Structure formats: C-alpha cells, structure tokens
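**Student:** Coordinates for the following, if possible.
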Amino acid sequence: MGDTINILVVGAGAVGAFYASRLQHHLFPPHSPNKTSISLVCRSNYSAVLNSGFTLKTRPFGDYTFRPDGVFRTCDDAANSGVRWDYILVATKSLVQLSADGTNPRPASMAAADLIAPAVTPAHTAVVLIQNGVGIETPYRQRFPANPILSAVTVIAAAQTEPGVVVHHRWMRIAIGPYTDSVDGSESHDSTGRDTLSATRTSSLVDLFKLGGVTDAEQHTSRNIQIVRWHKLGLNAAFNPSSVLAGSRPTYELLVDADAREHCEAVMAEVFHAAKIIFKLDAFPPQSHPESAFPTLSPSATREYPKLATIHEIIESSLRNKTFKSSMVLDWESQREMEVEVILGNAVKIAKRFAVQGMGRVQGMYALLKLAEKARVENAGDARKEKSSL
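**Tutor:** Okay, the predicted model is just below:
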C-alpha cells in the first residue's frame, strides 16, 4: 500500500456508513502516520450523500458529518476513477436472489463478487465481508483466488432513518480475521503468500479502526473468526426468524414470553452444538485457554479462544433493549428479501456436511420462512398481473 490507504465501501447503509466514517484519517491522533481516503458506492441514497455527506448521531462520538472522499453509483465507476483500492469493504446484506416465481435461487454473494470485480486489483485488494451468516466467503474466494479475503463479524445497533442520516444506538464491536479455504478456518491451499498478506491486512485494518475510536475492534486468526461467526449465528438464527414468525415482534417480546424464550434458547443451543462438532471443541462457546496449530501461525504459537457470551448472558443483554427489531423483521415488514439462506440454510447444509444431528428447530424455521418468502413473491406477482389487467 502507498502513503494513502484507499478504501472503498460497498453498501452505504447504516453499518457501512458508520464504519466508513470512523476510518477517515482526520479522526486519527495528531502526527499519526496513517492517511486514508474513504469512498462509498451508494444506491438509493446516492444524491443525498453526494450533496451533503452523512449526518451521524451517535452516543460515543456525538453528532458529526461524514463527507466521503468519493461517492460512486457503481463499482464500475469506482474502477474507472483511476484509484487502486487497497480495501473493499462489502457491507451489503448477503441474500439469495429468486426468480419471479420464487424458484431458481442464486447466491447473491456470487452476484456481489461479480459486482465488485471491476474495482479489485488481483493479488492486492483485500475484500472485507462485513455480513451476517456462515459460509458467505466461498463465492469471493472462487472469484478472487489470489486476493486476501477478510471475514468480519459486527455487533452494532444502527439505522439509516432517512437518506444520508444514520443513528447509532449501541455497540460497535467488530471482529476481523483472514479467510482461508474452509468453513472452520483449518484449511489453506495457498502457496503464493496470499495468506501472509491476509494476516498483514487484517492487522492493519484493525489498527485503523482503533485509531478511529472503534475500541472494540479485534483481530482474530482464520479459525477464531469462524468461531466468532458461528457464535453470532446463534443470536441471528434464534431471534431474527423467530421474530418474523411471531408476527414481527421485537426481540424483547420473545424473551419475556416463557414459551418463546425457551424456543430461542433451544435454537441457540442447536447452533452452538453444531459449532462444537464442526470446530472439534469440548464446549461452545469455547473455554478460554491456549490453542495451537492455527494455519496462519507458526506451530509453536498459541492463541486464546475469543471470549464469547453464554446463552444466558445473551438473553440478559438482549432484554435491555425493549424496542429493538432485527433487520430480518424490518425486511419482512418492508417486503424486502430476507437473509434466510445465510442465517438458516447454510447452517443446516454445513451441519449436514459435518454429520451434525439435532438441528430440528433451525431446519423447521428454514423450511417455513422459505415458503413464506416464496408465497410473498408469488402474491406480489399476482397483484401486478391483476393491476395490469385493469
């Protein structure tokens, strides 16, 4: 990388805008050697951001305006700008695109990988996936075999209340680690130095976030970041689909109902049981003790497992926010596609690959939400046909 670190953020919603704003170099301490140039690819909020930037209303940093160094409509425009991008942060939802009749699913991550391809410099640009779910990295590895792929897991409560206005409510935890070539982070087929570059880029990006005030930014190994990803999947799989199936209820209402709370706890237990088997652990969340044989470390190196909340701690923390609705609920209410595949479908498929038994609740919600989403697509198509015939 040169004197200026060029970062392109694809997905200028609340999460993408918030983290992009914290990477601007003027937020760094005086005399910091780091200088960044932050640009965004915007869709529906393009005009607002181009004209006025983002207005951010936050608890930890107060209210401030974030003006990106570049604003683009497409990745093609970003590629044609002449900038060599050091990082591309993908902060879009990870979806499965359906045909008009709700069939023929195609992972949207494949489309997203193709979308960002014009801006990716082979063997240089680090692609950072700030997205929910598991198994999301594979299409990017297939599309960019020589590039660093960084997997990022965030816990943040933020919303874009109108185009160009982001309200940050709670949390700004982001864990980042390199992706090798497997679900559990234990395999690497690299002989080009790509994984070494991935580890370096991970460390540099975490340092940039910390300089921007994101004190909860954490660097992880390729194995540990997948453990963190499966841990967050427990929350997403328990709360997001259940809230939709319960009639778009806030998470708090699930947890104060005894039967719904028992269901959510059971879903988390299913996901954590699967993770225990996939990662060959004695317990999940794993106990914090030294572990060796990480693919990105020397054989003698040791690392502790990340500190992760228990099911009881997750429940107690979630009870503090009485009005929070998950992104899946908001998508359902707005008749947008939901992250059903990456949160439920991929978990079921990966668990089967590892011969995991006892995923009945996750499998059941996956089947029901798939049918509900298919029915909604079909009903919307019927409504359009009826309207056109009037």
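**Student:** Now do the contacts for the closest residue to Val256 other than its chain neighbours.
**Tutor:** Distance criterion C-beta to C-beta, 6 or more residues apart in numbering; nearest residue to Val256, sequence neighbours excluded, is Leu319 at 7.6 Å. Every residue, glycine included, has its C-beta placed from N, CA and C. Residues near Leu319 by C-beta atoms under 8 Å, 6 or more residues apart in numbering: 252, 255-256.
**Student:** Return the set of buried residues in stretch 30-45.
**Tutor:** In terms of neighbour count (16 or more other C-beta atoms under 10 Å), stretch 30-45 has its buried residues at 34, 36-42, 45.
**Student:** And stretch 343-353, by the same measure?
**Tutor:** Neighbour counts over stretch 343-353 (16+ other C-beta under 10 Å) mark 343-348, 350-351 as buried.
**Student:** could these go into a markdown table alongside distance to Thr74?
**Tutor:** Below are these laid out as a markdown table (distance: C-beta to C-beta, whole Å):
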| residue | distance to Thr74 |
| --- | --- |
| Ile343 | 28 |
| Leu344 | 31 |
| Gly345 | 29 |
| Asn346 | 28 |
| Ala347 | 32 |
| Val348 | 34 |
| Ile350 | 32 |
| Ala351 | 37 |
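**Student:** quick one: which of those sit in helices?
**Tutor:** 346-348, 350-351 (DSSP state H).
**Student:** a markdown table for those residues, including distance to Leu8 and pLDDT?
**Tutor:** Formatted as a markdown table, those follow (distance: C-beta to C-beta, whole Å; pLDDT from 0 to 100):
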| residue | distance to Leu8 | pLDDT |
| --- | --- | --- |
| Asn346 | 26 | 95 |
| Ala347 | 30 | 96 |
| Val348 | 33 | 96 |
| Ile350 | 30 | 95 |
| Ala351 | 35 | 96 |
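**Student:** Distance to Gly213 for these - can I get that in a markdown table?
**Tutor:** Formatted as a markdown table, these follow (distance: C-beta to C-beta, whole Å):
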| residue | distance to Gly213 |
| --- | --- |
| Asn346 | 33 |
| Ala347 | 33 |
| Val348 | 38 |
| Ile350 | 35 |
| Ala351 | 38 |
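**Student:** Looking at these, which one is closest to Leu369?
**Tutor:** Taking C-beta to C-beta as the measure, Leu369 lies nearest Val348 of those, at 11.9 Å.
**Student:** didn't the closest one look like it was pressed against Val362?
**Tutor:** Yes. The criterion here is C-beta atoms under 8 Å, and Val348 meets it with Val362 at 6.0 Å.
**Student:** So which bits of stretch 330-343 are buried?
**Tutor:** For stretch 330-343, by 16+ other C-beta under 10 Å, it's 331-332, 337-343.
**Student:** contacting residues around it?
**Tutor:** 93-98, 105, 107, 109, 131-136, 233, 236-237, 240-241, 244, 248, 327-328, 366, 369-370, 373, 376, 380.
**Student:** Any idea what the nearest residue to Leu129 once chain neighbours are set aside is bridged to?
**Tutor:** Nearest residue to Leu129 in three dimensions, chain neighbours excluded: Val90, at 5.2 Å (C-beta to C-beta, 6+ apart). Per DSSP bridges, the residues bridged to Val90 are Val10, Leu129.
**Student:** mind checking how far Val90 is from Ile7?
**Tutor:** Distance, Val90 to Ile7, using C-beta to C-beta, to the nearest Å: 12 Å.
**Student:** repeat for Glu339
**Tutor:** With distances taken as C-beta to C-beta, Glu339 is found 24 Å from Ile7.
**Student:** what's the residue closest to the geometric middle of the chain?
**Tutor:** Geometric centre of the chain, nearest residue: Gln131, 1.4 Å, by C-alpha atoms, centre = their mean.
**Student:** hang on, isn't that residue packed against Thr92?
**Tutor:** Yes. Contact status for Gln131 versus Thr92: in contact at 7.2 Å, counting by C-beta under 8 Å.
**Student:** Send over stretch 333-348 as PDB, restricted to the C-alpha atoms.
**Tutor:** Output of stretch 333-348 as PDB, limited to C-alpha atoms (Å, rounded to 0.1, in the frame of the first residue of the first chain):
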ATOM      1  CA  GLU A 333     -42.300  -5.600   7.000                       C
ATOM      2  CA  SER A 334     -40.900  -3.700   4.000                       C
ATOM      3  CA  GLN A 335     -41.400  -6.600   1.700                       C
ATOM      4  CA  ARG A 336     -37.700  -6.900   1.000                       C
ATOM      5  CA  GLU A 337     -35.800 -10.200   0.600                       C
ATOM      6  CA  MET A 338     -34.500 -11.600   3.900                       C
ATOM      7  CA  GLU A 339     -31.200 -13.300   4.800                       C
ATOM      8  CA  VAL A 340     -32.800 -16.700   5.200                       C
ATOM      9  CA  GLU A 341     -30.200 -18.700   3.300                       C
ATOM     10  CA  VAL A 342     -27.000 -17.400   5.000                       C
ATOM     11  CA  ILE A 343     -28.500 -17.500   8.500                       C
ATOM     12  CA  LEU A 344     -30.600 -20.700   8.400                       C
ATOM     13  CA  GLY A 345     -30.000 -22.500   5.100                       C
ATOM     14  CA  ASN A 346     -26.200 -22.500   5.100                       C
ATOM     15  CA  ALA A 347     -26.100 -23.500   8.800                       C
ATOM     16  CA  VAL A 348     -28.300 -26.600   8.000                       C
END
